[in-house]
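One predicted model, sequence on top.
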Amino acid sequence: MSPKSALKDKSEPVLPETSSRPTLLLQWYDRHRRQLPWRAAPGEASDPFRVWLSEIMLQQTTVKAVGPYFEKFVARWPDVTALGRASQDDVLRMWAGLGYYSRARNLYACAVAVTRDHGGVFPDTEEGLRALPGIGPYTAAAIAAIAFDRRTMPVDGNIERVVSRLFAVEEELPQAKPRIQQLATTLLADTRARDEKSRAGDSAQALMDLGASICTPKKPACSLCPLNEDCTARTQGMQEMFPRKAPKKTGTLRRGAAFVVTRGGELLVRSRPEKGLLGGMTEVPGSDWLAGQDEARAKQQAPELKGLSRWHRKVGVVTHVFTHFPLELVVYTAKAEARTHAPEGMRWVSIATLAGEALPNVMRKVIAHALDRSSDPSS
């Protein structure tokens, strides 16, 4: 080994002098690209609105789950101006069930900002996109690359996995993110000298598709990968050991009570505060969600209505897992007399039209449990 080689930083990737990785990726993508409702067909320009909408929806959610919601949104609001002129309540109702509801509020705020401040046209730079509500570094890079062909590389979970295996990145996530970002950028095709489109968006989507279809978390199909001969983890026979991840921390269990009150074919509900967990969503009245919550104390937070029957505690509990904590809710039911007025800040809604309410999944579970339904209460 030469002295120069001995001094080389061992953490630096060893690349061939003329790397063909970007070319191999694009050749593979041109043959095997996924057909997705928000993705432009080959040769067509991407619609920034559809790219942005899909990227917001796909945060912490799967392609399979997002597909029907995306179709509903674009059918109702075909462009950002139409969405920006909607009401937040309508947006939340359409979003109900997709989870992580702060995304819906940010989605609406962004649509309003683009409509009001940019004439319904998205900024075409990362800097301009990041100034919009709900658009962080990854989303700005994704929109800039895919919609505007800016030479940048967004790194999602799929790309993290491909890159960490390709270069056998030993550092654990999330600390490894800057390193993976740096390495992912080396996979951008260099077409600048040939005065061609950068195909940055195609490079990013090629890596996303590779991670989704071949370089999967378990049992990756390495024999089908266009980069298999150049993958360090595969050479070591350690594909499934990457990316390295720090042990996952689970939050403290919280408990509470939910109160399901019916009046004939109606249900008593209220809206959660705009800010905070599930902000602006619809819920049945309930207690605080606390670690070590005492059931007797939780029951004291039941709504007070005249002519209400005795509270009946349903057998079992409703469980739900949020990003930062698991939750257990005991469920109480009661019936109100006809014409009973809803307490201040609450309202009666028809049980038959619950599908149109902005109910988060945890509330759908509560209502299904209370009404003895084996499926979603909106079904």
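Received, thanks.

Start and end of stretch 286-295, how far apart?
12 Å (Cα to Cα, to the nearest Å).

Buried residues in it, which are they?
Going by neighbour count (16 or more other Cβ atoms under 10 Å), the buried part of stretch 286-295 is 286, 287, 289, 293. No exception for glycine: its C-beta is placed from N, CA and C like everyone else's.

Test my guess that the third one contacts residue 327.
Yes: the pair residue 289 and residue 327 passes the contact test of Cβ atoms under 8 Å, sitting 5.9 Å apart.

pLDDT and secondary structure for the buried residues of stretch 286-295 - can I get that in TSV?
Converted to TSV, the buried residues of stretch 286-295 look like this (pLDDT from 0 to 100; DSSP: H, G, I helix; E, B strand; the rest coil):
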residue	pLDDT	secondary structure
286	95	strand
287	95	coil
289	95	coil
293	86	coil
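
Save those as CSV, and put in distance to residue 254 too.
Listed next are these as CSV, based on distance: Cβ to Cβ, whole Å:
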residue, distance to residue 254
286, 12
287, 11
289, 4
293, 7
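
Out of these, which two sit at the greatest distance?
Longest distance between any two of those is 11.0 Å, between 286 and 293; criterion Cβ to Cβ.

Restrict the helix or strand hosting residue 210 to CA atoms and write it as CSV.
Assessed by DSSP states H and E, residue 210 sits inside helix 200-213. Listed in CSV are the C-alpha atoms of helix 200-213, where the atom choice follows Å, rounded to 0.1, in the frame of the first residue of the first chain:
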residue,chain,number,x,y,z
ALA,A,200,-32.1,14.5,-10.8
GLY,A,201,-35.7,13.6,-10.2
ASP,A,202,-35.3,10.4,-12.1
SER,A,203,-32.2,9.5,-10.2
ALA,A,204,-34.0,10.1,-6.9
GLN,A,205,-37.1,8.1,-8.0
ALA,A,206,-34.9,5.3,-9.3
LEU,A,207,-33.4,4.9,-5.8
MET,A,208,-36.9,5.1,-4.2
ASP,A,209,-38.2,2.4,-6.6
LEU,A,210,-35.1,0.3,-6.0
GLY,A,211,-35.6,0.4,-2.3
ALA,A,212,-39.3,-0.3,-2.5
SER,A,213,-39.1,-3.2,-5.0
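
contacting residues around residue 329?
Taking Cβ atoms under 8 Å, 6 or more residues apart in numbering as the criterion, residue 329 is in contact with 255, 256, 257, 258, 286, 289, 317, 318, 319, 320, 362, 366.

Please repeat the previous calculation with a cut-off of 7 Å.
For residue 329, the residues meeting the contact criterion (Cβ atoms under 7 Å, 6 or more residues apart in numbering) are 256, 257, 258, 317, 318, 366.

Give the ChimeraX command for selecting the buried subset of the residues you listed.
Selection of buried members from the contacts of residue 329 for ChimeraX, criterion 16+ other Cβ under 10 Å:
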select :256,257,258,318,366
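
which one of the contacts of residue 329 is nearest residue 121?
Nearest to residue 121 among the contacts of residue 329: residue 366, at 42.4 Å, using Cβ to Cβ.

Pretty sure the closest one sits in a strand.
No: according to DSSP: H, G, I helix; E, B strand; the rest coil, residue 366 belongs to no strand; its state is helix.

so who does it touch?
Taking Cβ under 7 Å, 6+ apart as the test, what residue 366 contacts is 258, 260, 284, 318, 329, 331.

ok, what's across the strand from the last one?
In this case it means residue 331. With DSSP bridges applied, residue 331 shows beta-bridge pairing to residue 258.

could you list every residue that touches it?
Contacts here follow Cβ under 7 Å, 6+ apart; on that basis residue 331 touches 258, 260, 314, 318, 366, 369, 370.

ok, residue 139 touching residue 55?
Yes: counting by Cβ atoms under 7 Å, a contact exists between residue 139 and residue 55, whose distance comes to 5.1 Å.

Which of those two has more residues huddled nearby?
Neighbours were tallied for residue 139 and for residue 55 using other Cβ atoms under 10 Å; the higher tally belongs to residue 139 (24 against 21).

So that one: helix, strand or coil?
Under the three-state scheme (three-state DSSP), the conformation of residue 139 reads as helix.

Surely residue 253 is in contact with residue 324?
No: shown here, residue 253 and residue 324 do not form a contact pair, counting by Cβ under 7 Å, at 11.6 Å.

Overlap of the contact sets of these two?
With Cβ under 7 Å, 6+ apart as the test, residue 253 and residue 324 reach no residue in common.

out of the two, which sits in the busier spot?
When neighbours are counted by other Cβ under 10 Å, residue 253 comes out ahead of the other of residue 253 and residue 324, with 14 against 11.

Identify the residues contacting that one.
Contact partners of residue 253, counting by Cβ under 7 Å, 6+ apart, are 291, 325, 326, 328.

and residue 344, how many neighbours does it have?
Neighbouring residues of residue 344 were enumerated by other Cβ under 10 Å; the total is 6.

Relative to residue 135, how far out is the residue nearest the centre of the chain?
Nearest residue to the geometric centre of the chain (Cα atoms, centre = their mean): residue 59, 2.5 Å. Relative to residue 135, residue 59 is positioned 11 Å away (Cβ to Cβ, to the nearest Å).

Repeat that for residue 35.
Computed with Cβ to Cβ, the distance linking residue 35 and residue 135 is 26 Å.

more neighbours, those two?
Between residue 35 and residue 135, counted using other Cβ under 10 Å, the more crowded position is residue 135 (24 against 6).
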